[in-house]
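Chemist: Here you go, sequence then predicted model.
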Amino acid sequence: MHPDFKILDSKVYGHQLVYLDNAATTQKPQCVIDTLTRYYETLNSNIHRGAHYLAAQATEQYEQVRRKVQQFINARYAHEIIFTRGTTESINLVASSFGWKYLHPGDEVIVSGMEHHSNIVPWQLACERAGAKLQVIPFSDEGVLDLHVYETLFNEHTRLVAVNHVSNTLGTINPVEELTRIAHAHSVPILVDGAQSIAHMPVDVQAIGCDFYCFSGHKMYGPMGVGVMYGREEILDTLPPYQGGGEMIKEVTFEKTTYNELPFKFEAGTPAVGDVLGLGTAIEYMEQQGIQQLADHEDRLLRYATEKMLEVEGLRIFGTAPNKVGVISFLLGASHPYDVGTLLDKLGIAVRTGHHCTQPIMDRYGIPGTVRASFALYTTTEEIDILVQALHRIAPMLM
Ligand code: PLP
């Protein structure tokens with residue numbers, strides 16, 4: 001329970017809800033919900049093209065959020081912030097646009113073995129179109145990327161690296177500064193998938209040095225349907241538009257169209273204005289809580305939960321890297337993750353089961369999937385105790 005998140009008061013099958021599916025999506029604080037309502041009650045209007053009062057107000061607030069995101073991730077310019085529908089669209093945007101421009105037959109893109117399908121399939125599509133191929137960075141049993149092998153994957157055909165900052169399945173925090181330094185030493189740009197890091201640690205894109213950084217609003221206490229693609233100005237300027245339509249053009253004739261400048265070149269059509277404003281409120285909310293405080297809180301939960309869960313008979317954790325966020329993937333004996341998830345659900349505990357859109361990780365361990373508990377700012381040690389008690393209770397039933 002938390003005063004800012006009414007949904008956490010819910011009862012599920014007569015039990016108090018214990019929401020531990022935060023890596024899939026976080027709950028939204030009341031202030032974010034209020035922003036969405038306020039937008040539609042008082043401000044709804046299409047942005048950028050209107051001469052009237054509401055359009056001007058909506059445009060101003062939308063652009064203010066762009067500046068807020070810029071500050072939040074310490075980008076150099078606000079026009080390096082492109083609003084999208086989420087991480088998936090952000091990565092597809094880069095894979096398509098970068099692919100059209102820079103991928104040719106025989107070229108290579110490096111991804112890691114612990115990527116979400118969203119950071120694999122767009123690159124496969126781009127590679128298929130271009131006649132290029134993927135190279136994969138392996139990881140250890142603990143879930144740590146092998147940087148030695150990474151270095152050996154570069155050659156004169158390497159065009160881009162795409163890796164996540166944090167693995168949604170293993171919880172590993174990857175050394176993105178180091179991965180970037182190595183990519184740049186080979187004059188190769190790097191995209192970082194920040195879907196699982198943005199709400200769990202301070203992110204500074206200039207300190208990382210990456211060329212692209214992508215994330216989703218709904219995993220950081222904001223609305224669904226909105227996300228961000230950050231790209232360095234120098235590289236964005238060289239890329240062709242991803243989608244054609246309104247807003248992204250300067251002039252259109254049937255003979256030739258010229259494109260708008262950044263960021264509008266990449267924002268075709270009417271954006272999710274209310275959701276962007278909600279994202280701005282989510283950032284303010286996180287800043288009020290203190291990003292480092294959130295990270296410290298989740299780190300304490302991770303340590304506490306790891307220790308307690310390992311006391312459950314037959315429980316195995318997948319992802320034991322020294323640097324982790326509050327994500328614990330596990331299996332109970334030989335039981336199927338879905339059975340564990342279903343029994344926990346009946347006790348009011350929401351976890352995720354399955355491959356978590358990371359089938360290559362499951363193949364790496366030779367398992368069908370895992371049960372995943374993931375934490376957020378409102379998660380408490382009492383909730384972890386409830387999870388652990390439930391696991392003690394159900395473990396003998398499944399052995
Ligand atoms: N990348 C990672 C690491 C994720 O965990 C997710 C979602 O779980 C995504 C990408 C895709 O995010 P979305 O579905 O919000 O586009």
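Modeler: Done, it's in.
Chemist: Next, Val228: secondary structure please.
Modeler: strand (DSSP: H, G, I helix; E, B strand; the rest coil).
Chemist: now the residue of the stretch 251-399 of the chain found nearest the ligand, nearest residue through space, not along the chain?
Modeler: Ranked by CB to the nearest ligand atom, the top residue of the stretch 251-399 of the chain for proximity to the ligand is Cys357, at 6.1 Å. Yep, even glycine has a C-beta here, placed from its N, CA and C like the rest. Of all residues not flanking Cys357 in the chain, His117 sits nearest, at 4.4 Å (CB to CB, 6 or more residues apart in numbering).
Chemist: Count residues in the vicinity of the one you found, would you?
Modeler: 15 (other CB atoms under 10 Å).
Chemist: Check the contact between the residue of the stretch 251-399 of the chain closest to the ligand and Ser118; I expect there is one.
Modeler: Yes - between Cys357 and Ser118 there is a contact at 6.9 Å, judged by CB atoms under 8 Å.
Chemist: And those two? Which one has more around it.
Modeler: Between Cys357 and Ser118, counted using other CB under 10 Å, Ser118 has the larger neighbour count: 24 against 17.
Chemist: how near is that one to the ligand?
Modeler: Per CB to the nearest ligand atom, to the nearest Å, Ser118 is found 4 Å from the ligand.
Chemist: Counting neighbours, which bits of whichever helix in the chain runs longest end up buried?
Modeler: What stands out as the longest helix in the chain, according to DSSP state H, is helix 53-73. By neighbour count on 16 or more other CB atoms under 10 Å, the buried set for helix 53-73 is 55, 58-59, 61-62, 65-66, 68-70, 72-73.
Chemist: again with stretch 144-163
Modeler: Quick answer for stretch 144-163 (16+ other CB under 10 Å): 144-145, 150, 153-154, 158-163.
Chemist: Tabulate these (TSV), appending distance to the ligand, secondary structure and pLDDT.
Modeler: As requested, the buried residues of stretch 144-163 are exported to TSV (distance: CB to the nearest ligand atom, whole Å; DSSP: H, G, I helix; E, B strand; the rest coil; pLDDT from 0 to 100):
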residue	distance to the ligand	secondary structure	pLDDT
Val144	17	coil	98
Leu145	14	strand	98
Tyr150	18	helix	98
Leu153	21	coil	98
Phe154	23	coil	98
Thr158	22	strand	98
Arg159	21	strand	98
Leu160	16	strand	98
Val161	15	strand	99
Ala162	11	strand	99
Val163	10	strand	98
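Chemist: tell me the two of those residues that are most distant?
Modeler: Using CB to CB, the buried residues of stretch 144-163 span at most 25.5 Å, a distance reached by Val144 and Arg159.
Chemist: Other residues contacting the longest helix of the chain?
Modeler: Identification of contacts with helix 53-73 by CB atoms under 8 Å, 6 or more residues apart in numbering yields 39, 43-50, 75, 77-81, 83, 198, 203-205, 213, 228, 230, 263, 271, 273, 276-277, 279-280, 283-284, 287.
Chemist: Met248 against Pro241, yeah?
Modeler: Yes - Met248 lies in contact with Pro241 (CB under 8 Å); the separation is 5.4 Å.
Chemist: So for these two, which residues contact both of them?
Modeler: Going by CB under 8 Å, 6+ apart, residues that sit against Met248 and also against Pro241 are 259, 265-266, 268.
Chemist: near the ligand, which residues of the protein show up?
Modeler: 86-88, 116, 118-119, 164, 168, 193, 195-196, 216 (CB under 6 Å from any ligand atom).
Chemist: one more time with 8 Å, if that's ok
Modeler: 23-25, 85-91, 115-116, 118-119, 164, 166-168, 193, 195-196, 214, 216, 218-219, 224, 227, 356-357 (CB under 8 Å from any ligand atom).
Chemist: quick one, phi/psi of Ser216?
Modeler: phi -110, psi 140 (degrees, to the nearest 10).
Chemist: Would you list the phi and psi of Thr358?
Modeler: According to degrees, to the nearest 10, Thr358 has phi -140, psi 60.
Chemist: try Gly354
Modeler: Here Gly354 shows phi and psi, under degrees, to the nearest 10, equal to phi 120, psi -160.
Chemist: Please report how far it lies from Ile182.
Modeler: Distance, Gly354 to Ile182, by CB to CB, to the nearest Å: 33 Å.
Chemist: And Val166, by the same measure?
Modeler: 19 Å.
Chemist: Looking at these two, which is more packed in?
Modeler: Using other CB under 10 Å as the criterion, Val166 and Ile182 rank with Val166 on top: 26 against 18.
Chemist: quick one: contacts for the closest residue to the more buried one other than its chain neighbours?
Modeler: Spatially, and ignoring its direct neighbours in sequence, Val166 is nearest to Gln196 (3.9 Å; CB to CB, 6+ apart). By CB under 8 Å, 6+ apart, Gln196 lies in contact with 23, 164-168, 219, 325, 327.
Chemist: Show the residue spans covered by the helices in the stretch 251-399 of the chain.
Modeler: 273-289, 291-309, 337-346, 359-365, 381-398 (DSSP state H, counting those that start in this stretch).
Chemist: Any chance you could give me the third one in PDB, C-alpha atoms only?
Modeler: When you say that, I think you mean helix 337-346. The C-alpha trace of helix 337-346 is given here as PDB (Å, rounded to 0.1, in the frame of the first residue of the first chain):
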ATOM      1  CA  PRO A 337       7.100 -21.300 -14.000                       C
ATOM      2  CA  TYR A 338       3.400 -20.900 -15.000                       C
ATOM      3  CA  ASP A 339       2.300 -23.200 -12.200                       C
ATOM      4  CA  VAL A 340       4.200 -21.200  -9.600                       C
ATOM      5  CA  GLY A 341       2.800 -17.900 -11.100                       C
ATOM      6  CA  THR A 342      -0.700 -19.200 -11.000                       C
ATOM      7  CA  LEU A 343      -0.500 -20.400  -7.400                       C
ATOM      8  CA  LEU A 344       1.000 -17.100  -6.300                       C
ATOM      9  CA  ASP A 345      -1.700 -15.200  -8.200                       C
ATOM     10  CA  LYS A 346      -4.400 -17.000  -6.100                       C
END
